[in-house]
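Trainee: Please work out how this folds:
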Amino acid sequence: MKTIAVHIDVKSAEFQQRMADYRAVLTEFRSRHDQVIHRENDPAVIKHLERGKMLARKRIQLLIDPNTPFLELSALAACDQYENQFPSAGIITGIGVIHGRETMIVANDATVKGGTYVKETVKKHIRAQEIALQNNLPCVYLVDSGGIFLPEQANIFADRFNFGRIFNNQALMSAKGIPQISVVMGSCTAGGAYVPAMSDETIIVRNQGTIFIGGPPLVKAATGEEVSGEELGGAVVHTSISGVADHLAENDVDALRKCRAIFETLPLANRQPVDLQPTVAPLFPAEELYGIVNVDLKKSVDPHEIIARLTDGSEFQEFKEQYGMTIVTGFARIMGIPVGLVANKGFLTTEASLKAAHFIELCNFRKLPLIFLQNISGFIVGKKYEQEGIARAGAKLIHAVATASVPKITLVTGGSYGAGNYAMAGRAFDPNFLFMWPHAKIGVMGGEQAAGVLQSIHSQKGGQSLVQQFEAESSVYYATSRIWDDGIVDPADTRNVLALALTVSLNRPIEAPKTGIYRM
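Mentor: All right, here's what the predicted structure looks like:
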C-alpha cells in the first residue's frame, strides 16, 4: 500500500488555532464524562458503599481480565434529561474480555434511583443485547435493579421496544446458543426477575441479592402475607429451595470470581478468519487530529489527513482516486486488521454514489469490514443533478450499504445531515457500532437551511427560533443522550476504539454476499 501524502502544516497559525478551539470542545466533553463517573460525594453512592457493596464500574473492573480494556458504551446516556438525575441512564454497558472472550456486560447502577429503568435505560440495555446478538458475544448481567421507574411506566412498559423486549432478546440469544450469565448482586424485582431466570447460569449473593416477581410490599397488598425480602426471594431460598439460582456467593468479590470460573467452561467462538498482520503505528501523532478537524462544520476537512492518523503505517490503497472525488474509498489496515474505508469529502454526487456502491460490493465480496467516516451535508441538489438521476444513484448506494453482509462501523467526524446519514451507514442501517466525535452534529439539515426552507414556503414558524431549535437538537450531547450513537469518542482514542470494535465484529463468520459485484 502507498503511504498517504499529508499536506497540513502542523506549525501554521491556522493549525494551532484549530487545536486551541478543539481543546475547548474536549474540555466540555471530559467534564461531562467525569461528572457521570466520579460521583464519590453523591449520598446514594456513599450509602451503597456503606452497605458493603461495590460500585457498578468497580464490579466490571474485577470481572474482566487484568490489564485489558473495557469499551464502555453510551456513557452520557440520558444527559440533560430528568434534571440529570439518571447519570449514564442508571446502567453501565460495554465490552470487556473475560478469560480471553470478548463479552457484553450489562451492569445496573443501584446508586441511580435504585437501579430503576427509564426510557433511556431500557434503550441502552436493549442496544447492548442487539450488539451481543449481531456480534455473537456472551452476555453477563450484573443485576442490582428495582425494575421500572414507576412514574415513567407509560413510556417504557407496553410498546414493542420497551421493557419486555429485554426478555424477548434473551430468548433469541439463547436460541442462537449465545451464553448468558446473571450475577444477582442486589434487588431483582417484578419483570426484572426474568433476567436471571432466563440466563444459562445464575449466581446470587447471600444476604444481598433477591429475586421475586412481587416484593414484600406487593405481597402484603395482594395477599395480606407479611414476609421479609430474604424469606421471599433471598439467596438461600433460590439456591436451595426454588432452584431459580445456581450458585451461592458470599459477597461481590466471590460472585465475580464464580462468574469468571463459568467462562472457563464456555466453548470458543467460531470467528471469521482474518489475514491479520503485525500492528504498525501511524506515522503521525493521533493528537494532530485536534488541529485537522474544524469546529466550524461549514469548513471542509480532507479525510486523507484523518485516515493518515488512523491506519497502520499511515498507508492507504485508494480506489477510483480520480473519479467521484467527493468521496474517498480505499483499503487499509487498523492494528493489523484489513478494512475498507469510505470517507466523505463533500456532497454525494452521482459519480461519488456509484463509486462508493462499487467499492462496498468489493469489500462485501472480499469479506472486509467497512468503516464509514461521516462528514456529510447530504446529496447534491439542483436541476442538473436531478436530471442526471442523483436519486437513482443514491438509491444504489443506499441499497449497497443496507445489504452488505460484512461488519459496518460508523464514525461521525463532523456533520451528519439528511439522506447522507443513511447512505453512510447511519443508525437506521444497523452498523455494528456507531460513534461520534465531540464536535459532531446530526440532523435532517442545518438550522439555517431549515429556517430558509420554511420561510420559502411561507411558513409562520421560522427564523431565529428554528435555528436555535435545530442547533440544540443536532448537538452531539442531544444525540448521545437519546442513544442515537454508541458513545462519544475522543479523536485521539479513535484508532484504539475502532480496533476493539473491529475485533468484536469478527467474533462470528461473515455471511456470503447475496449477489456478485456490479459495476455501478
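Trainee: which residues touch Gly234?
Mentor: 206-207, 209-210 (Cβ atoms under 8 Å, 6 or more residues apart in numbering). No exception for glycine: its C-beta is placed from N, CA and C like everyone else's.
Trainee: What of Pro407?
Mentor: By Cβ under 8 Å, 6+ apart, the contact list for Pro407 reads 135, 369-370, 432, 502, 505-506, 510.
Trainee: cool, Gln81 as well?
Mentor: Counting by Cβ under 8 Å, 6+ apart, Gln81 touches 120, 481.
Trainee: Which residues does the helix or strand harbouring Asn421 contact?
Mentor: Assigned by DSSP states H and E, Asn421 falls within helix 418-423. Identification of contacts with helix 418-423 by Cβ under 8 Å, 6+ apart yields 344, 348, 353, 356, 374, 376-379, 394, 397-398, 401, 428-429, 442, 444-445.
Trainee: Kindly write the ChimeraX command that selects the buried subset of those residues.
Mentor: Here is the ChimeraX command that selects the buried residues among the contacts of helix 418-423 (16 or more other Cβ atoms under 10 Å):
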select :344,348,353,356,374,376,377,378,379,394,397,398,401,429,442,445
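Trainee: Can you tell me which of the contacts of helix 418-423 end up in helices?
Mentor: 353, 356, 394, 397-398, 401 (DSSP state H).
Trainee: would you turn these into CSV with pLDDT and distance to Arg51?
Mentor: Formatted as CSV, these follow (pLDDT from 0 to 100; distance: Cβ to Cβ, whole Å):
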residue, pLDDT, distance to Arg51
Ser353, 96, 58
Ala356, 97, 55
Gly394, 92, 57
Leu397, 95, 55
Ile398, 95, 52
Val401, 96, 49
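Trainee: and these as a markdown table, adding distance to Ile166?
Mentor: Below are the ones in helices among the contacts of helix 418-423 laid out as a markdown table (distance: Cβ to Cβ, whole Å):
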| residue | distance to Ile166 |
| --- | --- |
| Ser353 | 38 |
| Ala356 | 36 |
| Gly394 | 36 |
| Leu397 | 35 |
| Ile398 | 31 |
| Val401 | 29 |
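Trainee: wait, which of the residues you listed is closest to Cys188?
Mentor: Using Cβ to Cβ, Val401 is the member of these that lies nearest Cys188, at 40.2 Å.
Trainee: what's the closest one in contact with, if anything?
Mentor: Per Cβ under 8 Å, 6+ apart, neighbours of Val401: 360, 408, 422-425, 429.
Trainee: Can you say which of the residues you listed are buried?
Mentor: By 16+ other Cβ under 10 Å, these give 360, 408, 422-425, 429 as buried.
Trainee: Pick out the most distant pair among the residues you listed.
Mentor: Ile360 and Tyr422 (13.6 Å).
Trainee: show me where the stretch 401-520 of the chain has strands.
Mentor: 408-417, 433-436, 441-443 (DSSP state E, counting those that start in this stretch).
Trainee: Quick one: neighbours of Ala269, just the number.
Mentor: 17 (other Cβ atoms under 10 Å).
Trainee: from memory it sits against Thr103, does it?
Mentor: No - applying Cβ atoms under 8 Å as the test, Ala269 and Thr103 come out as separate, 10.5 Å apart.
Trainee: who's in contact with Lys345?
Mentor: 300, 302-303, 325-328.
Trainee: could you dump those to CSV with secondary structure, neighbour count and distance to Phe263?
Mentor: Output for these, formatted as CSV (DSSP: H, G, I helix; E, B strand; the rest coil; neighbours: other Cβ atoms under 10 Å; distance: Cβ to Cβ, whole Å):
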residue, secondary structure, neighbour count, distance to Phe263
Ser300, coil, 12, 48
Asp302, coil, 15, 45
Pro303, helix, 21, 40
Met325, coil, 14, 49
Thr326, coil, 17, 47
Ile327, strand, 27, 43
Val328, strand, 26, 41
